[in-house]
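Undergrad: Starting from these lines, generate the structure:
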Amino acid sequence: MERPCPLLTFFSFFFFFFLPCLSCPEYQKQALLQFKSSILAISPSFNSSDDSDQLQSWNSSSSCCGWGDEVECRGIPRVVIALYLTDLFTGLSPQPQVESTILAPIFHIRSLKNLSISDNNIQGEIPGVGFANLSNLVLLDMSGNNFKGSIPSQLFRLPYLRELYLDDSSLTGKLFPDDEETEKYVISSTSKLQVLSLSGNKFSDGMLLSILCLKGLELLDLSHNDLSMEIPTEIGNYLLNISTLVLSNNRLTGGIPSSMRRLSKLELLFLDNNLLTGEIPTWLFDFKGLTALYVGGNRLIWNNSVTVEIAPNPSLRRLDLKSCGLVGEIPKWISNQTGVRFLDLSKNNLRGELPEWFVEMRFKSLILSDNEFTGSLSPRLFSKSSPVVLALSRNSFSGELPKNIGFPTFLWVLSLKENNFSGPIPQSLVQCIALRLLDLSRNRFSGHFPVFNHDIRLAYIDFSLNDFSGEVPTTFPVGTRFLALGGNKLSGGLPFNLTNLRNLKRLELQDNNLTGELPNFLSRISTLQVLNLRNNSFQGSIPQSIFNLRSLKILDVSNNNLTEEIPQESHSLVGMIETPNLPSSIIETNHLAYHVQLFWQESNVLLDYRDLVVNWKKSKQGISTDKLNIYTLLDLSNNQLSGQIPTSLGALKALKLLNISGNKLSGKIPTSFGDLENIETLDLSHNKLSGSIPPALTKLQQLTILDVSNNELVGPIPDGGQMGTMVLDPNYFANNSGLCGIQIRVPCPKEQLTPPVKIEEDDHKEPWLLWESVWIGYSIGLLVAIGIMLGIGYFTLPPPSNRRLPPQRPIR
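TA: Numbering: from 1, shown residues only. Predicted structure coming up:
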């Protein structure tokens, strides 16, 4: 009898017994395939997206343990312990709406320890019953979704859960809504939760009190919520293990509780941007392990009369004392905090020159804006360990910039706006390849523009309101998104090289001495959203090609010498036709956020964008960048444009302001202007317009200013609708010899009378008989009123209908 081959026996054993242990269980694979099928049902283009290859390796012919980075398996036999399903729909536009029921298959994988489903636009309530099945969870990240309601109590009863992330998820309510059993469970210290991150939600006051029960917490982030209470006085008696406490950007009131002195493990404390009051306690600097202290942006006050020296804290790296009532020179005790790399002393009353000891400190981010500092900048500030972010805006610094200002290799942000700096721009500055933002506006810099390094990464350039001269530069970095050169002494025409700026969204060249014709090549900058060429000396016609810029939202070419007709076609101005759903910013946000690496820590630096100044409602006003997306405007005023007003302008339904005053336009006001449903200001004054004012304008429910003065208009001014409710300035109808109406106290001849325009309403229609009676009574009353007026020799229009809709005032 032959003995079996040992090698064959081994392979047989390996194949039949051991190899299956390296594959995930079949039920787990089927659960994940069902999850993928649900994804494809929502978005069939998911697998075909060029920007996302997630889940493409998920198939029935292979083990789910080999499906890539999204699935992690461990153990023998192998089981799924982690799913990383973050941002599955990246690259898809629009991003699909995903119901929380899509998670149901995952709840069958009870071996899960880590689950990340962040940034997937999941909607609906968090399925608490389903998560209760995942009793082995240690980490759960559901941030960046769109849930509703509060956090289900089942999450706090998961026995091994240590980290819970639900940032930016639209959650509301309390921590334990009407669930005494869960609250008792948590209070009993059975909960192992150490990290609770809930920033960017809508939690209110009860949340913070409930969290005191979680005594094992080491990190708590409740920033950017709706907390409007005082910080609980007993907070220091409960959260004894806390090392990171983030309560920024709420509406917290009262003082900083003294019980917080007991939080001996505290390393990061963020209380900034609230409504806290009282003195800043000096014991905050006594925490030995404290690396970050943010108390700025409140109503807290630093006691400037304190003579006790603040003890050095070698651990302190970041210090925010913004708007804390600091007065006089920079406090000397800061010199003892030798480890500080991020310092924000903005919005105080500090003055004088920067002390020598201060310049020698090795700051990576230094923010001193909105103070009263004077003197020039020392070259030593840019030697040795020089700053990555330097913001000195709105002070009284003067003199020329140091020649070595651009030598720092890692200078990212330089904001020097609204000072008294003068002289030329040092060449070293425009050679700094790491530079992202350069704001030198509102100073007295002069001379010609320097030549930028081709490899520089600048995205935001603001040189406006200085004394620069010469032609418009042609060497701006190709990644530039914001370019502001207005308010200088630039001359010549627009250079063709501007077409190299493929990412340019905002171009401001107003208030210069630019000449020549508006070039057709501007249409090649397809990303343009704001084009401001106001108050120059451009001549010739407005090219039709400019009206082909689909992203353009704001076009201002007023106060030039432009002639001929307004372009006839405007259907390509999609940015002026489509009304945005959300008031998002043209450049994402009105703050510029930079993440600055400070040793092993990151620090957010927020810098304000400059407002866009426009002629808004008869005066110059600034529109903040975060509202530019909803303030769409077209200003062609004070030129020499002629011909008739194109009816196609009535298709620009997103316009808030249309100003074509001060030209030589003739013909009638287009009836299509009644379709400008979002218009707030319509200025047609100082032209040669004839005919009557279209009654269709009464439909414009947003309209607050209508100026048709100094034309050749005739007939009655329409009444009813918005025309009957907004405040009408008689001057806006002046110098039209043929206009009449109650608005200007000029009686109309009987044959010109037009009845008030009725606003149609589809909802809640009344029975026919009731309306018939109303109109019969109205007509009889109207005739009687006219007879009385004629009898006394004075005639006015009948009172406007009491069914007018109230005006909706614009956001200022």
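
Undergrad: Walking through the stretch 351-500 of the chain, point out its helices one by one.
TA: Using DSSP state H, counting those that start in this stretch, the helices found in the stretch 351-500 of the chain span residues 356-360.

Undergrad: where do the strands sit along it?
TA: With DSSP state E, counting those that start in this stretch, the ranges of strands along the stretch 351-500 of the chain come out as 365-367, 372-373, 389-391, 398-399, 413-415, 420-423, 437-439, 444-447, 460-462, 467-471, 482-484, 489-492.

Undergrad: Low-confidence ranges, the stretch 151-300 of the chain, go.
TA: 175-190 (pLDDT under 70).

Undergrad: And the helices in it, which stretches?
TA: Under DSSP H, counting those that start in this stretch, the stretch 151-300 of the chain gives helices at 180-187, 206-211, 235-238.

Undergrad: Tell me which of the strands of the stretch 351-500 of the chain sits nearest to T704.
TA: For those, the distance to T704 is smallest for strand 482-484, at 29.0 Å, taking Cβ to Cβ. Placement of C-beta: from N, CA and C, glycine included.

Undergrad: Show me what counts as buried in the closest one.
TA: Judged by neighbour count using 16 or more other Cβ atoms under 10 Å, the buried positions of strand 482-484 are 482-484.

Undergrad: Parallel or antiparallel, which strands does it pair with?
TA: strand 460-462 (parallel), strand 506-508 (parallel) (DSSP bridges).

Undergrad: low pLDDT regions in the chain?
TA: For the chain (pLDDT under 70), the answer is 1-22, 44-53, 91-94, 175-190, 306-308, 408, 580-630, 727, 751-812.

Undergrad: 50 instead?
TA: For the chain, applying pLDDT under 50 flags the ranges 1, 8-20, 49-52, 582-603, 759-812.

Undergrad: What are the contacting residues of stretch 349-357?
TA: 325-330, 332, 335, 368, 371-375, 377-378, 381 (Cβ atoms under 8 Å, 6 or more residues apart in numbering).

Undergrad: Got a quick ChimeraX command for the buried subset of those residues?
TA: Of the contacts of stretch 349-357, the buried ones can be selected in ChimeraX as follows, counting by 16+ other Cβ under 10 Å:
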select :325,326,330,368,371,373,374,377,381
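
Undergrad: show me where the stretch 551-700 of the chain has helices.
TA: Counting by DSSP H, counting those that start in this stretch, the helices of the stretch 551-700 of the chain are 574-577.

Undergrad: can you map out the strands along it?
TA: 554-556, 561-562, 591-598, 601-608, 612-616, 619-623, 632-635, 642-644, 655-659, 664-667, 681-683, 688-691.

Undergrad: OK, contacts around K347?
TA: 296, 322-323, 369-371.

Undergrad: 7 Å instead?
TA: K347 sits next to 322-323, 370 when contact means Cβ atoms under 7 Å, 6 or more residues apart in numbering.

Undergrad: likewise L429?
TA: So L429 contacts 405-406 (Cβ under 7 Å, 6+ apart).

Undergrad: neighbours around the closest residue to S118 other than its chain neighbours, how many?
TA: Among residues not flanking S118 along the chain, S143 sits closest, at 4.3 Å (Cβ to Cβ, 6 or more residues apart in numbering). Around S143 there are 19 other residues, counting by other Cβ atoms under 10 Å.

Undergrad: Could I get the contacting residues of S143?
TA: 118, 165-169.

Undergrad: Most neighbours of all those, which one?
TA: Neighbour max across the contacts of S143 (other Cβ under 10 Å) = L166, 26 neighbours.

Undergrad: Give me the nearest residue to S23, chain neighbours excluded.
TA: In space, S23 is closest to S63, 3.9 Å off (Cβ to Cβ, 6+ apart).

Undergrad: so that neighbour touches E26, yeah?
TA: No - counting by Cβ atoms under 7 Å, S63 sits too far from E26 to count as a contact (9.8 Å).

Undergrad: Those two: which is more packed in?
TA: Ranked by neighbour count (other Cβ under 10 Å), S63 and E26 place S63 first, with 17 against 12.

Undergrad: And the more buried one, how close does it get to E125?
TA: 34 Å (Cβ to Cβ, to the nearest Å).

Undergrad: any idea how far stretch 564-578 is from the chain center?
TA: 27 Å (Cα atoms, centre = their mean, to the nearest Å).

Undergrad: Residues contacting that stretch, please?
TA: Under Cβ under 7 Å, 6+ apart, the answer for stretch 564-578 is 529, 541-542, 544, 547-548, 550-553, 632, 634, 636, 641-643, 645-646, 648-649, 651-655.

Undergrad: Filter the residues you listed down to the buried ones, PyMOL style.
TA: The buried residues among the contacts of stretch 564-578 can be selected in PyMOL (16+ other Cβ under 10 Å) with this line:
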select buried, resi 529+542+547+548+552+553+632+634+636+641+645+646+648+649+651+652+654+655
